[in-house]
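Trainee: Build me a model from this:
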Amino acid sequence: MKKINNLPVIEYTNLSKLIDKRRVLLISSPSALVHSKKYLSHLNVVSSLNIQTADKKNIDQIILPKGDIDVCYAIGGGRVIDISRYLASKWNLEIICIPTIISTDAFLVDCTGLRERGGVTYIPSKKADKVIIDFDLIKKSDPKFNLSGCGDVLSIYTALFDWKESKENLSSSVYDVAQGILTGLISESDAIKEMDQRGLEVLVTQLALEVQLCYFYGNSRPEEGGEHFFVYCLENKIGAALHGEMVCFGILITSFLQGQSVSYIKEFMDKVGINYRPKGLTAPIVFETLMEMPQYIKDHYLARSVYNYYPFKKKEAEIKQFISSIL
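Mentor: Below you'll find the model as predicted:
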């Protein structure tokens, strides 16, 4: 039997009106609380946790705080919300997610990406019981955090190429809809650049469409391909860079390897102001990661992509020239 999940309930509201007298476990991070703490005075917070890592071994050591708890509130960025949904599922608790930035699609999905053995393992968790979005709160963060959220939609560009080339359960209808979601984001470049409420609404909408499409298809193949696989390997070398910024670089290098037009995506990134040069990323690190990719794909049983067959040794000079041109 095939089951198709749906998006969580998404509520656009003013957080100053939020009142919850139930006993709340607050899951957040110090950086997330800088702007959001003042909105929490009407929550009955009886316990709290700070999330600083996505390492599975460390996360699995977190225990439910003592005392009666009725509901979890996850307030923060992608990592906080991703881990919070995993813990809420483990502890069988309701979870309400309040993103402070729109940097990934983590507030919309029903699985959690945990780091182990040098890779990312997606583990079924639970979707949020409700997502509360206050655009005034989100706008308080540096725009770079929200711009990086474009990465999980822009990745459709390279993911579709890999999917079509692999011929693995290719659905023409899903392929075409995914292409439309990507085109929709790119067509709204002026709004995205401003990152005002309209721009943020566009970003949330395109992320929601991408996630719902993946629910219908049954997995993330329409938006996850070699660009994400490259990032999973790269994360072992440069640490805590913004996921979306790394994905955007991954899209550029992967589209080059695929022989697609790099300028089509790069011009959008440049226009809206996405940083695709994450801190700590250097040409030697990029090239080293590329050389490791064929074995990395095999070791982590990842779907077929350009990294399975690209002639890296033969094209070494061209690759290095391209890397130098975008870093």
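Trainee: Check what pLDDT I238 gets.
Mentor: Note on I238: pLDDT of 87.
Trainee: no no, Y86
Mentor: 97.
Trainee: My read is that it contacts A128, right?
Mentor: No. With contact defined as C-beta atoms under 8 Å, Y86 does not count as touching A128 (11.9 Å). Glycine gets a C-beta too; all of them are placed from N, C-alpha and C.
Trainee: Can you pick out the residue with more neighbours from these two?
Mentor: Shown here are Y86 and A128; by other C-beta atoms under 10 Å, A128 has more neighbours (27 against 24).
Trainee: From K37, how far off is the more buried one?
Mentor: 21 Å (C-beta to C-beta, to the nearest Å).
Trainee: same for the helix or strand where G199 lies, what does it pack against?
Mentor: According to DSSP states H and E, G199 maps onto helix 197-217. Other elements packing on helix 197-217 under the criterion 3 or more C-beta pairs under 8 Å, 6 or more residues apart in numbering; DSSP states H and E are helix 135-138, helix 151-154, helix 172-187, helix 189-194.
Trainee: Kindly provide the whole-number mean pLDDT of stretch 53-66.
Mentor: Per-residue scores along stretch 53-66 average to 92.
Trainee: quick one, what contacts the residue most central in space within the chain?
Mentor: The residue lying closest to the centre of the chain (C-alpha atoms, centre = their mean) is T104, at 3.2 Å. Remark: with contacts taken as C-beta atoms under 8 Å, 6 or more residues apart in numbering, T104 is in contact with G77, G78, D82, S148, G149, G151, D152, H243, G244.
Trainee: go on, L114?
Mentor: A54, D55, K56, I59, Y86, V120, T121, I123.
Trainee: By neighbours, which of the residues you listed wins?
Mentor: Busiest of these [other C-beta under 10 Å] is Y86, holding 24 neighbours.
Trainee: ok so, going back, from the contacts of L114, which land in strands?
Mentor: In strands, judged by DSSP state E, the following of these are found: V120, T121, I123.
Trainee: thinking again about what came up before, so which of the contacts of T104 sits lowest on pLDDT?
Mentor: For the contacts of T104, the minimum pLDDT belongs to H243; the value there is 90.
Trainee: next one: phi and psi at the closest residue to that residue other than its chain neighbours?
Mentor: Excluding the flanking residues, the one nearest H243 by C-beta to C-beta, 6 or more residues apart in numbering is T104, at 5.7 Å. Backbone torsions for T104, taken as degrees, to the nearest 10, come to phi -150, psi -180.
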